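**Student:** mind folding the following:
(2 chains)
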Amino acid sequence: MTLQLNVNGINQTVTVSDGNMPLLWVLRDLLGLTGTKYGCGIEVCGACTVMVDGQPERSCDMDVTSAVGKKIVTIEGLSANQSHPAQKAWIANQVPQCGFCQSGVLMSVACAMKAGHRGSQIMSEVQNLCVCGTYQRMKEAVKAL
Amino acid sequence: MSTSPITPTPAPATVGRRGFISAVAGGFTLSFVVPEFSRIAEAEGATLGQVNAWLNVATDGTITLTIGSSEMGQGSFSGLAQILAEDLMVDYARIKTVQGVPSVAPVAPVGNSINTVGSSVTRTNFWKMRDAAAIARETLVQAAMNSKGDQTRSNYTVAAGIVTHATTNTQLSYGSLAAAAALLTPPTVAALVPDSQFRLIGKTMPRQDIPAKVDGSAKYGLDVRVPGMVYAVIKHCPTFGGTMKTLPATPSGMLTVVPTKVWAGTGRGTEVADAVNAVAVVGPNTWDTWQAARRMSVSWNIPAAATNWNDAAFVATGKDLALAAPAYVAGGANAPGTLYTVEGDAASTNTALAGAAKIIDATYTLPYVAHACMEVLNCTVSYVAGTSCEIWAPTQGGKAVLQLAMAITGLTADKIIVHTMYLGGGLGRKWESDFVSQAIQVAMAVGKPVKLMWPREEDFTRDQYRPMAVIRGRAGLDNAGNFVGFSYRNVSPSLLGQRGSVLGPKGDSQGIEGANDLPYNFGPHVVEWVSHPSPIPVGFWRSVGASLNTFGVESLIDELAFAAGQDPYMFRRAKLTLPRWIAVLDAAADLAGWSTLPPAGHARGIAIGTAFNSIVAQVVEISNVTATGLKVNKVSIALDCYLSVNPGQVEAQLQGGIVHGLNAALWGQQTFVKGAAQAKNFNRSRMIRQGEMPQVSVKIMPNPTAADRSLSIGGVGELGVPTFAPALANAYYKLTGQRKRSLPLFPGATMSEL
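**Tutor:** Next up is the predicted model:
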């Protein structure tokens, strides 16, 4: 089936053989937006988090058909030139280690900010898994947000 | 199927083949050797002497450092750039680091690979990097001296990549000197910047790879896209040691199913060379292919012995061997179950212990633990029959990947390119190359570029785990609380043995590290290691043997301290014989406020240990113990690595290592039923999330005022791990009066959806 998606403000046409294909794999394999990561596939780790109509969604378990008609923002569309305040804070505080989970973390942070959370409130909304253990620096980084 | 175009993944820059120094259009290039470090050099054969880093100063002033090691979040690339910039006397921001392409060439100038293991990249490259930078700087200065016709070196100064001729007040940039420098023979030695004038070494500097890790642009192995690429999803026999019975038919919509065999040298334990232990389904995209693999039924031959491969049996065997095992015989078969004496003497220790006033005889058990890197195992291969093979892999061993590709394809090294991609965690697992061998086999079978992925469930159930261990410690005290003897025996499956090494009289160095050469005044003592016969594949897991033995040793020391009625910090302090250890212990205790009582309902535990030439101590403070959990409130850690290049990065690595140790100590465990791993995803392998992060305080012992190059610099990346578990268990005892001798503390914990 052929579907229309709005990703990072751009209308995209994708053709899938399985309407249950999760948004994650549409983004990564069909649209080449590899910034969104696969970690667990069962909505536990949060590496695949994207913003859908302003809300955090685990794209590994969201059927692509249910994303039609919604505004999808991925890490690639979060800002131009790493200019989102969370991205700036992440660089300033040298948060990422391996970095693999951080796209999902930053999208979760961006959603929490969009929902009106500020400072340390943000991290109570962001429970993504980071195997490197960058939590302390995340906590420092959100203080300025 | 997608109609969207595939964007090729830009390959990391490839450096051409050059002489030791040569004139090239882009300026001058200095190739230099950095020591290759391998934890299993004895098994793979050391290949020291090849060139594995390049420094290029281009005529436009760009300075490029090409590095053979891997970046997996430990920040080594930036650390190396920092070291280079110091002695090259340029701004740190001017150094561009580039991932090199490995080679097996025996001599300069082709090669470029070092293994990224053993917390080694910064510490083993420190002096070589400095020497290379100083030699390059002096070659550029020589070019300036020739240009000015004044050969008196003291008439020149260097700063920020500019050579100034004082007499004429002329300034010459490195870029303008590069072409002339390329024609010179560089000096063999050059003066280093004195420690007192360091601008960069010992200073916290930003990592170069971080900006790309906040906008999705960093390319990990799993992100590789090659034009015309198809997708492969691996499906292993769920039981270790199992092999394919019949090749299943290709599922509808898929391209093919490829049987993959255990390539010689990549299988461990149960996985023997040439056995087909997996099939790869090949299809048009990850999801469709993965679903086809899930639905596809494969019949397997299961080894009869697998019936007995379960945790209770492994522990029972370990306990038997902890009590009695036949000793190593030189030239003998020394089958698994053999006892090796690593240090000291059992007879004199037993005699001494017979006279002890108090004896602690304790058995500690540790489980198998998976690596669980955030990025699952994967590899992309583009193969043209008889012509070329290009590999993109998140690997900690680029050169091993190249050698493997040569063996599988029969191609010579010049026909193979290995791109080391960013690693979404390595933790020791991505030193292995089983997944790479599978991707090459599939690419050769399908004749198209292919990206092979292990779904998370395969990654968990087909790991090469941290070895399980049964550790028996017996130690005695006199009435004054002095040691009278110390006996330590670790029974665990052999990392080196599963990699084909024939063990010598001291057994497996990887299995016993952290328990030998300890600076405690034990009196008569013996350290023994017994090879456990479990065939479950084991691998190098962040901090390796130290993660087992520091728990065993420091739990036992703690038990002795309480048996002696002494404060566990002061007990250790009185018995350590090396001032550097005592200083680290003091630093951790001070940081934790050991001399003041913790808040009501809290308790602290302490532990000290060593790994990779560093000394580390931790104090863990806990509260809220229940039957199912506890709260880790604070962790205070002190590290003596002799010399730290980037303290901010050291701090980050210690914080991360503590989390790794914490996850394992509280919950980490892979269990087995009839040879099949049971925890298949993060929901069954609990780890902390943000809200559970303890406050971590870090003390890095100060750098020497003038570093002595004859002294070893210590590792950092794995040092947060080993002392966490014993400090936690010791705090648990202090708080509850219950001694935890078995890890994890809370087996079977689960993690729910976000």
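**Student:** can you pull out the strands in the stretch 451-600 of chain B?
**Tutor:** B:469-477, B:483-492, B:525-531 (DSSP state E, counting those that start in this stretch).
**Student:** which other helices and strands does the first one contact?
**Tutor:** Here strand B:469-477 touches helix B:311-323, helix B:346-354, strand B:358-366, strand B:483-492, helix B:545-563, going by 3 or more Cβ pairs under 8 Å, 6 or more residues apart in numbering or on different chains; DSSP states H and E. (Glycine included, C-beta is placed from N, CA and C.)
**Student:** need the strands of the stretch 451-600 of chain B in CSV with mean pLDDT, mean neighbour count and distance to A:H117, can you?
**Tutor:** Shown next, in CSV, are the strands of the stretch 451-600 of chain B (pLDDT from 0 to 100; neighbours: other Cβ atoms under 10 Å in any protein chain shown; distance: least, Cβ to Cβ, whole Å):
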stretch, mean pLDDT, mean neighbour count, distance to A:H117
strand B:469-477, 98, 25, 44
strand B:483-492, 98, 26, 47
strand B:525-531, 98, 27, 52
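**Student:** want to throw these into CSV with distance to A:K70?
**Tutor:** Shown next, in CSV, are the strands of the stretch 451-600 of chain B (distance: least, Cβ to Cβ, whole Å):
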stretch, distance to A:K70
strand B:469-477, 51
strand B:483-492, 52
strand B:525-531, 58
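**Student:** pull the longest helix from chain B.
**Tutor:** Under DSSP state H, the helix in chain B containing the largest number of residues is helix B:121-148.
**Student:** contacts only, for the residue of the stretch 101-250 of chain B found nearest chain A.
**Tutor:** In the stretch 101-250 of chain B, no residue comes nearer to chain A than B:G216, which is 1.9 Å away by Cβ to the nearest Cβ. B:G216 makes contacts with A:L33, A:T34, A:G35, A:T36, A:T74, A:I75, A:E76, A:S103, as judged by Cβ atoms under 8 Å, 6 or more residues apart in numbering or on different chains.
**Student:** and chain B, which of those residues contact it?
**Tutor:** A:L33, A:T34, A:G35, A:T36, A:T74, A:I75, A:E76, A:S103 (Cβ under 8 Å from any Cβ of the partner chain).
**Student:** mind checking which of these are in helices?
**Tutor:** Short answer: the ones next to chain B among the contacts of B:G216 in helices (DSSP H) are A:S103.
**Student:** return the member of the ones next to chain B among the contacts of B:G216 nearest to chain B.
**Tutor:** A:G35 (1.9 Å).
**Student:** name the helix or strand of chain A that has the lowest mean pLDDT.
**Tutor:** Least confident helix or strand of chain A, by mean pLDDT, DSSP states H and E, is helix A:120-125 with a mean of 93.
**Student:** which strands and helices sit next to it?
**Tutor:** helix A:102-114, helix A:135-142.
**Student:** just name the most buried of those.
**Tutor:** Comparing these by mean neighbour count (mean count of other Cβ atoms under 10 Å in any protein chain shown), helix A:102-114 ranks first with a mean of 26.
**Student:** and for A:R137, nearest residue in space, chain neighbours not counted?
**Tutor:** Among residues not flanking A:R137 along the chain, A:V95 sits closest, at 4.4 Å (Cβ to Cβ, 6 or more residues apart in numbering or on different chains).
**Student:** ramachandran angles for the one you found?
**Tutor:** Main-chain torsions, A:V95, degrees, to the nearest 10: phi -70, psi -50.
**Student:** that one contacts A:T134, doesn't it?
**Tutor:** Yes. A:V95 lies in contact with A:T134 (Cβ atoms under 8 Å); the separation is 5.3 Å.
**Student:** which residues touch the residue of chain A positioned farthest from its centre?
**Tutor:** Relative to the centre of chain A, and counting by Cα atoms, centre = their mean, the farthest-placed residue is A:M1 at 25.4 Å. Each residue near A:M1 by Cβ under 8 Å, 6+ apart is listed here: A:T15, A:V16, A:S17, A:G19.
**Student:** buried subset of these?
**Tutor:** A:V16 (16 or more other Cβ atoms under 10 Å in any protein chain shown).
**Student:** out of the contacts of A:M1, which one sits closest to B:A515?
**Tutor:** Distance to B:A515, by Cβ to Cβ, is smallest for A:V16 among the contacts of A:M1, at 55.3 Å.
**Student:** mind checking pLDDT for the closest one?
**Tutor:** On the pLDDT scale, A:V16 is placed at 96.
**Student:** so it is in contact with A:L30, correct?
**Tutor:** Yes. Counting by Cβ under 8 Å, A:V16 touches A:L30, with 7.3 Å between them.
**Student:** hang on, the earlier thing: which residues do A:V95 and A:T134 both contact?
**Tutor:** Joint contacts of A:V95 and A:T134 (Cβ under 8 Å, 6+ apart) are A:Q102.
**Student:** who's in contact with the closest residue to B:T97 other than its chain neighbours?
**Tutor:** Spatial nearest neighbour of B:T97, chain neighbours left out: B:F77 (4.4 Å); criterion: Cβ to Cβ, 6+ apart. With contact set as Cβ under 8 Å, 6+ apart, B:F77 has these partners: B:I67, B:S69, B:E71, B:T97, B:R207, B:Q208, B:D209.
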